[in-house]
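J.: predicted model and sequence below, questions to follow.
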2 protein chains.
Amino acid sequence: MEVVGEGADPRVRMWAPACQAVALLLGPYAEVVLHDPDADKVLAIWNPMTSRGPGDPSRLGELDALDPSALDVFGPYEKLLADGRRLSSVSAVLRDADGKASAVLCVNLDRTPLEQAAAVLSAFGAPTVARPEPLFEQDWSERIQHIVGAYVRECGRPVERLTRQDRLTVLDRLDEAKVFAVRRAAPVVAGVLRVSRSTLYGLLAELRASNAKDKTS
Amino acid sequence: MEVVGEGADPRVRMWAPACQAVALLLGPYAEVVLHDPDADKVLAIWNPMTSRGPGDPSRLGELDALDPSALDVFGPYEKLLADGRRLSSVSAVLRDADGKASAVLCVNLDRTPLEQAAAVLSAFGAPTVARPEPLFEQDWSERIQHIVGAYVRECGRPVERLTRQDRLTVLDRLDEAKVFAVRRAAPVVAGVLRVSRSTLYGLLAELRASNAKDKTS
DNA sequence: CTCCAACCTGGACGTAGAGTCCAGCCGTGG
DNA sequence: CCACGGCTGGACTCTACGTCCAGGTTGGAG
């Protein structure tokens, strides 16, 4: 836990536990700042997001309604950091036993990680309604290329120079993927595999006989 | 902002702004509790997750190291609610100007929404490697049922008693999904749509002519 | 009620393309 | 040299795709 400015001021000693607790809970994405409203300076800061430190000007002139009649809690409102990060911020006027405003607490929560996650989640949409096919269903020839390519990459040999056993394996995968249920797929596969249509059917028959035998055994 | 117990106790008046600020920032998923360490009772509570209220016993006997020598901040540690929700909790001992422990602050953050989101995100994995096909590619007849069923649900009418226009629309979607590129699909579609094979081809021809005309215009 | 038009239907038909078969052509190994 | 296993093009059959047509049915108009 990085903390700057602790212990110097009695006000800091009083409010530090609360500030530290919040900073601890919110991990690295929250900055907790304790301001001196009279001097308009930073008293202490936990998890600083910028290079601010104690003594730096607070610049919280906007919420200068520090009389006891007004509300003591502000926000959450949005802040923007120089690097574009969006913050959710809340502020609270902290008063001592006399009712005098002794400090101002600001908690700045970096929303960007949450917003990125939310973007992914919302883009996920309704999975059962969304169509996954434009890539896969559409272009079954692409799929053939993909399966064959994967095997070639797998065993290192180029597309040509594949052993008979290799072709059997690839054909098994293609058959497993129901590739041959789509019209006109056989000639395409034969072309990709650099094999004649006859050979293709030969290998396929051999394969299916073998698979059937495995099933009965 | 739901808050219970405000204003009664001077300690509540002192710490309320900080508590309220945290409760505001963390929205509905954080509960902020202010305890009386002497009476071991709840002083005030923001966004209560259970039915606890002011005056109820605090039961925070575990962190009874309330002497000034020990650390004043505890956690984050894990808590379990009766309904199974997992909480991240932090506690802080709040002291008055004399150094006397006047209150204990507890912030309980419900982690379940975040954990659910994280589970979705991690399950997302590597999208280009994962295969979405075992459900869709495999069973194209299931897909037909799905598309037709979706439309039926959409317009309310039962599978039968569909108007000609409806059938045209459904067929357009099926054709768009390249369903008719797979062998033997046409008879299945005709069966599902309660239409003869001839009619199916008739509607399909009509549809494709219309689409082609739209393209040229 | 009749008539008519639009539509659906079963069935017949032509054809593309799936799958089989075979004779011939290579390679490799004896 | 031959023998042999495997690949090849081509011819063949048959499935099933897509078209067409002659009926039958429905529903609305007269």
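T.: Arrived safely.
J.: is stretch A:37-48 anywhere near chain B?
T.: No: on the criterion CB under 8 Å from any CB of the partner chain, stretch A:37-48 is out of touch with chain B, staying 10.9 Å away. Any C-beta I mention is one placed from the backbone N, CA and C, and that applies to glycine too.
J.: OK, contacts around the nearest residue to residue A:200 once chain neighbours are set aside?
T.: Nearest non-adjacent residue to residue A:200, counting by CB to CB, 6 or more residues apart in numbering or on different chains: residue A:190, 4.4 Å away. Contacts were defined as CB atoms under 8 Å, 6 or more residues apart in numbering or on different chains; by that measure residue A:190 touches A:196-197, A:199-200.
J.: from DNA strand C, how far off is residue A:11?
T.: 83 Å (CB to the nearest atom of the strand, to the nearest Å).
J.: what helix or strand is that residue on?
T.: helix A:10-25 (DSSP states H and E).
J.: burial count for residue A:99?
T.: By other CB atoms under 10 Å in any protein chain shown, the residues close to residue A:99 number 10.
J.: now the one 5 residues further on
T.: Summarising burial for residue A:104: neighbours were counted as other CB under 10 Å, giving 23.
J.: buried residues, the strand or helix carrying it. List them.
T.: Here residue A:104 sits within strand A:101-110, counting by DSSP H and E. Within strand A:101-110, the residues that qualify as buried are A:101-110, counting by 16 or more other CB atoms under 10 Å in any protein chain shown.
J.: burial measure for residue A:21, as a count.
T.: 28.
J.: still on that earlier bit, buried ones among the contacts of residue A:190?
T.: Buried among the contacts of residue A:190 by 16+ other CB under 10 Å: residue A:200.
J.: the contacts of residue A:190 also near DNA strand D: which ones?
T.: A:196-197, A:199 (CB under 7 Å from any atom of the strand).
J.: tell me what the top helix by length along chain A is packed against?
T.: When chain A is parsed with DSSP state H, its longest helix is helix A:197-216. Judged by 3 or more CB pairs under 8 Å, 6 or more residues apart in numbering or on different chains; DSSP states H and E, helix A:197-216 is in contact with helix A:164-176, helix A:185-192.
J.: adding mean pLDDT, write these out as TSV.
T.: Below are these laid out as TSV (pLDDT from 0 to 100):
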stretch	mean pLDDT
helix A:164-176	90
helix A:185-192	91
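J.: and of these, who's closest to residue A:140?
T.: Closest approach to residue A:140 among these (CB to CB): helix A:185-192, 6.6 Å.
J.: distance of the residue nearest to residue A:200 from residue B:104?
T.: 77 Å (CB to CB, to the nearest Å).
J.: now the element after the helix-or-strand element of chain A with minimal mean pLDDT, going C-ward?
T.: None of the helices or strands of chain A scores lower by mean pLDDT, DSSP states H and E than helix A:133-136, at a mean of 36. Next helix or strand after helix A:133-136 toward the C-terminus (DSSP H and E): helix A:140-155.
J.: and that next one with DNA strand C, contact?
T.: No: judged by CB under 7 Å from any atom of the strand, helix A:140-155 makes no contact with DNA strand C; its nearest approach is 11.7 Å.
J.: okay, now stretch A:181-201: how far is its last residue from its first?
T.: 14 Å (CA to CA, to the nearest Å).
J.: distance between that stretch and the chain's centre?
T.: 42 Å (CA atoms, centre = their mean, to the nearest Å).
J.: with stretch A:20-29 instead?
T.: Worked out by CA atoms, centre = their mean, stretch A:20-29 lies 21 Å from the chain centre.
J.: same thing with stretch A:89-107?
T.: 36 Å.
J.: now check it, is it near chain B?
T.: Yes: using CB under 8 Å from any CB, stretch A:89-107 reaches chain B at A:90-97, A:105, A:107.
J.: for residue A:155, the count of nearby residues, please.
T.: For residue A:155, the count of nearby residues is 11 (other CB under 10 Å).
J.: didn't it look like it was pressed against residue A:167?
T.: No: in this structure, residue A:155 is not within contact of residue A:167 by CB atoms under 8 Å, at 11.5 Å.
J.: one step back: partner strands of the strand holding residue A:104, parallel or antiparallel?
T.: strand A:30-36 (antiparallel), strand A:86-95 (antiparallel) (DSSP bridges).
J.: other residues contacting the shortest one?
T.: With contacts defined as CB under 8 Å, 6+ apart, strand A:30-36 is touched by A:5, A:9, A:11-12, A:15-16, A:19-20, A:22-23, A:41-49, A:52, A:58, A:60, A:103-110.
J.: good, we can wrap up now.
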